[in-house]
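S.K.: Need a 3D model of the sequence below.
(chains A and B)
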Amino acid sequence: MDYSQFLVMKQELAVLVVFLLVFLYDTFMPRGAGKALPAFTTVLLLLATAAGFCPDCLGSSCSAEAFAGMYATSPIISAIKNILNIGAVIVLIQSVSWAGSDDMRIRRGEFYELLLVTLFGMYLMISARHFLLFVIGLECASLPLAAMVAFDKSRYESNEAAVKYILTAVFSSAVFMMGLSFVYALGGSLYFSDLYLAMAGGGISLMLVLAIAFVIAGMGFKLSLVPFHLWTADVYQGAPTSVTSYLSVISKGSAAFAFLVIMAQVFGTCYAEVWEWMLYAIIIVTITVGNLFAMRQNNMKRFLAFSSISQAGYIMLGVIGFNTMSMAAMMYYILVYIFSNLAAFGVIGAIERATGKIDMSDYCGLSKTNPRLALCMMLAMFSLAGIPPFAGFFSKFFIFTGAINQGSVAIYVLVLIALINTIISLYYYLLVVKAMYINPDKPVVQPFKSTCSERLGLWITVAGILLLGLASCVYTWLLNTSFLSNFAAYLM
Amino acid sequence: MLLVPAMIMFCCGVYGFITRRNMIAILISLELMLNAVDINFAVFNRYLWPEATEGMFFTLFAIAIAAAETALAIAIIINLYRSAKNIDVRDLNKLKY
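M.R.: Okay, here's the model as predicted:
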């Protein structure tokens, strides 16, 4: 066996090395040293991220395959992994003060170990070119997340959320694997490349339609697209805030990209006949229902859950656009979404840690007592809503343009509907800003000092919101990488 | 014809998942669905594509994954039982609209 092919997986290996070091540190260091574990993990993951950016002939600069084509990497795949890595580092920075608290003492290590394993699973999922490896990655990403949702063992809500999450996750993976068995029956192989050829030669049968419907349903659960979204709000509300933020950005971003890879590399030939219309309907319902339900929420985590459902609909515009530009726009959208959503969750986490308050009505008068936190929250809301000078506007603009590039009239209508929904979403995002700045009620949250790590996390996310939109090099870089990638050949 | 036994099992699983009230029973239904998938892979491999054993290998891995899923789900359900003294899904109503 050729062991040098492991070097192709250098980003996975980096995460695995971080995992092993954290595990050893957690197991063998004396009890007092546990306090330093959050900082230790964050720094290590930061180093792994930096390693992902350094160019060499095996990693980000050229495409390569390993394990007889089961695993593939290319510039665009390295790029999405780097984006997810950055997001994970920000989540870790924001969770330092939560993980450092005293009641986390004996289980601090598990939080980081589980998080790193899920990250590893997501990488496998993105890079897999064989459905066996894909399913292993998918389970490796979703099972530890259930344990992380149940992390506040003594709190009832956390347990309830975890039960809801694990039952729907297992259900969805059963549905997904049923779809895979149909795909296997049609193609006789589980390699993406073999299946692509089989689909191209096979024509449209009832079994193919069923298979695609099952695969979309299975992935739809992970992405919380609308007919499959019912677990989202409950799980987001019940889980610890750090886990919620991880679930809403990193997990969703990786699933979205993996979904695009499957749809393009396996079912690419039946785009117009079969799955464009399925996805078309799902996107419309997802964006609209997410928006309508977000309006009536008072709990901030529930509110952001519904907001993230409608954001998932916008991300799916990148899949339905099905061209190289819409893929680049989708990755850019994921990047900006990571920064904006994590800014919002950073503020929520800080306020929850200091006061235990989580409702929108508790945010009244926040601008008077904690003006900086209120400012961060306002920027995050503006970016999520897509107000011009901030990054969220540009990501929405690019993803709409990318979808329109596909060219059919139906997509124009879809983008118009998405555009109208953006205006609706403005209403509920501004409700939060109104509560913080305009409502005349007495302030609920008293002034408090946020910890150093929380401030650092918020600085990074706010810098991302302000700079990502203005620095056009980020989007240009993503666009160039996606054109370079041999994966682009599968798109229109 | 190949599909019939596995599809019956899968539909029973879906039906049980939707109608059962006890979480352990729901877990059994889920297990039924996962096993239906395993049967499907084995059958397709044996009758449609007998020249390679890819489906059989997928089945082996799927069995292991299903075991991991069940173990984790049971652990979470036991944890819930400790705090709620109940594993009826109708009582999971603290987080809702």
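S.K.: all contacts plus neighbour counts: C-alpha atoms, from now on.
M.R.: OK.
S.K.: Identify all contacting residues around stretch A:442-452.
M.R.: Stretch A:442-452 has contacts (C-alpha atoms under 8 Å, 6 or more residues apart in numbering or on different chains) with A:97, A:350-351, A:354-355, A:357, A:362-366, A:368-370.
S.K.: Now with 10 Å, please.
M.R.: Applying C-alpha atoms under 10 Å, 6 or more residues apart in numbering or on different chains, the contact partners of stretch A:442-452 are A:93-94, A:96-97, A:347, A:350-351, A:353-357, A:361-371, A:373, A:436, A:455.
S.K.: Identify the residues contacting residue A:267.
M.R.: Per C-alpha under 10 Å, 6+ apart, neighbours of residue A:267: A:183, A:192, A:195-200, A:208, A:212, A:261, A:274-275, A:490.
S.K.: Please identify which of those residues is nearest to chain B.
M.R.: Ranked by distance to chain B (C-alpha to the nearest C-alpha), these are led by residue A:183 at 10.2 Å.
S.K.: what's the distance between the residue lying closest to the closest one once chain neighbours are set aside and residue A:19?
M.R.: Spatial nearest neighbour of residue A:183, chain neighbours left out: residue A:211 (6.0 Å); criterion: C-alpha to C-alpha, 6 or more residues apart in numbering or on different chains. Distance of residue A:211 to residue A:19, given as C-alpha to C-alpha, to the nearest Å: 36 Å.
S.K.: so what pLDDT did residue 8 get?
M.R.: Using chain A. On the pLDDT scale, residue A:8 is placed at 83.
S.K.: Actually, chain B is the one I wanted.
M.R.: 94.
S.K.: hang on, isn't it packed against residue B:35?
M.R.: No - counting by C-alpha atoms under 10 Å, residue B:8 does not reach residue B:35; the two are 11.5 Å apart.
S.K.: Pretty sure residue A:471 sits against residue A:389.
M.R.: No - Residue A:471 is beyond contact range of residue A:389, at 11.5 Å (criterion: C-alpha under 10 Å).
S.K.: Neighbour count: the two, which is higher?
M.R.: Between residue A:471 and residue A:389, counting by other C-alpha atoms under 10 Å in any protein chain shown, residue A:389 is the more crowded of the two (15 against 12).
S.K.: Residue A:445 should be in a strand, yeah?
M.R.: No - counting by DSSP: H, G, I helix; E, B strand; the rest coil, residue A:445 is not found in a strand; it is coil.
S.K.: State the number of residues packed around it.
M.R.: Quick note: residue A:445 (other C-alpha under 10 Å) scores 19 neighbours.
S.K.: With residue A:479 instead?
M.R.: 20.
S.K.: what does the one 3 residues further on give?
M.R.: Taking other C-alpha under 10 Å as the neighbour definition, residue A:482 ends up with a count of 24.
S.K.: who touches it in this structure?
M.R.: Neighbouring residues of residue A:482 by C-alpha under 10 Å, 6+ apart: A:74-77, A:79, A:324-329, A:331, A:476, A:488.
S.K.: Can you tell me which of the contacts of residue A:267 are classed as buried?
M.R.: Buried members of the contacts of residue A:267, scored by 16 or more other C-alpha atoms under 10 Å in any protein chain shown, are A:183, A:192, A:195-199, A:208, A:212, A:261, A:274-275, A:490.
S.K.: Quick check on residue A:73: phi, psi?
M.R.: Dihedral angles phi and psi of residue A:73 (degrees, to the nearest 10) take the values phi -140, psi 150.
S.K.: So for it, what's the pLDDT?
M.R.: pLDDT recorded at residue A:73 is 86.
S.K.: One more: residue A:334?
M.R.: As predicted, residue A:334 sits at a pLDDT of 94.
S.K.: Looking at the contacts of residue A:267, which are in helices?
M.R.: Under the assignment DSSP state H, those contribute A:183, A:192, A:195-200, A:208, A:212, A:261 to helices.
S.K.: Spatially, which two of these are the most separated?
M.R.: A:208 and A:261 (17.7 Å; C-alpha to C-alpha).
S.K.: Test my guess that residue A:138 contacts residue A:255.
M.R.: Yes - between residue A:138 and residue A:255 there is a contact under C-alpha under 10 Å: 8.6 Å.
S.K.: Now do the shared contacts for these two.
M.R.: Residues within reach of residue A:138 and of residue A:255 at once, by C-alpha under 10 Å, 6+ apart, are A:122, A:125-126, A:219, A:222.
S.K.: any chance of the residues you listed in a markdown table, plus pLDDT, distance to chain B and neighbour count?
M.R.: As requested, the shared contacts of residue A:138 and residue A:255 are arranged in a markdown table below (pLDDT from 0 to 100; distance: C-alpha to the nearest C-alpha, whole Å; neighbours: other C-alpha atoms under 10 Å in any protein chain shown):
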| residue | pLDDT | distance to chain B | neighbour count |
| --- | --- | --- | --- |
| A:122 | 95 | 16 | 31 |
| A:125 | 94 | 15 | 29 |
| A:126 | 93 | 19 | 28 |
| A:219 | 94 | 16 | 21 |
| A:222 | 91 | 16 | 25 |
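S.K.: For burial, what's the neighbour tally of residue A:459?
M.R.: If we define neighbours as other C-alpha under 10 Å, then residue A:459 has 14 of them.
S.K.: swap that for residue A:207, please
M.R.: Neighbours of residue A:207 under the rule other C-alpha under 10 Å: 14.
S.K.: Without its sequence neighbours, what residue ends up closest to it?
M.R.: Nearest residue to residue A:207, sequence neighbours excluded (C-alpha to C-alpha, 6+ apart): residue A:182, at 6.6 Å.
S.K.: In contact with the residue nearest to residue A:183, which residues?
M.R.: Contacts of residue A:211 by C-alpha under 10 Å, 6+ apart are A:175-186, A:205, A:217.
S.K.: Buried subset of those residues, written for ChimeraX?
M.R.: The ChimeraX command for the buried members of the contacts of residue A:211 (criterion: 16+ other C-alpha under 10 Å) is given here:
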select /A:175,176,177,178,179,180,181,182,183,184,185,186,217
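S.K.: Where is pLDDT lowest across the contacts of residue A:211?
M.R.: Among the contacts of residue A:211, residue A:205 carries the weakest pLDDT, at 89.
S.K.: correct me, but that residue touches residue A:186?
M.R.: Yes - using C-alpha under 10 Å, residue A:205 is in contact with residue A:186, at 9.4 Å.
S.K.: Can you list the low-confidence ranges for chain A?
M.R.: Scanning chain A for pLDDT under 70 picks out A:55-62, A:486, A:492.
S.K.: Next: chain B.
M.R.: For chain B (pLDDT under 70), the answer is B:97.
S.K.: got a markdown table for the ones in helices among the contacts of residue A:267, with distance to residue A:87 too?
M.R.: Below are those laid out as a markdown table (distance: C-alpha to C-alpha, whole Å):
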| residue | distance to residue A:87 |
| --- | --- |
| A:183 | 33 |
| A:192 | 28 |
| A:195 | 33 |
| A:196 | 32 |
| A:197 | 36 |
| A:198 | 37 |
| A:199 | 36 |
| A:200 | 37 |
| A:208 | 36 |
| A:212 | 30 |
| A:261 | 21 |
